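Asker: Give me coordinates for this.
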Amino acid sequence: MKILPTRLSAFALLATLSTAAAACGPHNDDWTGSDKAAHFGVSLALGVGASRLSDDTWTAVGLALVPGVAKELYDGTRDCNRFSWKDMAWNAAGAYVGVRTGNWLLGPSGVSYRVAF
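Answerer: Numbering: from 1, shown residues only. Modelled structure (predicted):
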């Protein structure tokens with residue numbers, strides 16, 4: 001009689017473990033995935049801010065990439081997730097465009113873009 005509860009608990013444990021593994025499924029990471037615009041947009045905003053912190057373009061891009069690298073390192077430690085080089089490529093593109101946009105719009109002494117009316 002004691003064998004039945006032991007087998008039932010072992011079966012329940014195996015069912016739980018197999019469900020968790022099946023819930024992850026294959027990792028889909030397309031270049032145009034749903035989160036890529038968010039990676040680009042957030043890095044762009046950080047790039048504009050970083051352009052105010054450093055006059056050197058590549059230093060500012062590096063500063064803007066720090067949160068993206070931290071997020072991908074965090075993703076690498078999560079179940080059903082991993083570090084994504086494609087996400088990092090979008091982060092880098094957004095950071096670079098943001099730094100260049102910040103330098104163009106804001107310039108070294110504040111707002112440098114003027115519209116003539």
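Asker: Check the burial of the residue nearest to Ser51 when sequence neighbours are not counted by counting its neighbours.
Answerer: Spatial nearest neighbour of Ser51, excluding adjacent residues (Cβ to Cβ, 6 or more residues apart in numbering): Gly102 at 2.9 Å. (C-beta placed from N, C-alpha, C; glycine too.) Residues within reach of Gly102, counting by other Cβ atoms under 10 Å, total 23.
Asker: Tell me which stretches of the protein form helices.
Answerer: Ranges of helices in the chain, per DSSP state H, are 3-24, 36-51, 57-77, 85-106.
Asker: correct me, but the residue nearest to Ser51 touches Val48?
Answerer: Yes - counting by Cβ atoms under 8 Å, Gly102 touches Val48, with 3.9 Å between them.
Asker: Can you pull the residues that touch both of the two?
Answerer: Counting by Cβ atoms under 8 Å, 6 or more residues apart in numbering, Gly102 and Val48 have no common neighbour.
Asker: now Pro26: how far from Phe40?
Answerer: From Pro26 over to Phe40 the distance is 24 Å, taken as Cβ to Cβ, to the nearest Å.
Asker: quick one, which of the two is more surrounded?
Answerer: Set Pro26 next to Phe40 and count neighbours by other Cβ under 10 Å: Phe40 wins out with 20 against 5.
Asker: Which neighbouring residues are in contact with the residue lying closest to the more buried one once chain neighbours are set aside, exactly?
Answerer: Using Cβ to Cβ, 6+ apart and skipping the chain neighbours, the partner closest in space to Phe40 is Gly94 (3.9 Å). By Cβ under 8 Å, 6+ apart, the contact list for Gly94 reads His39, Phe40, Gly41, Val42, Ser43, Leu44, Leu46, Gly47, Ala64.
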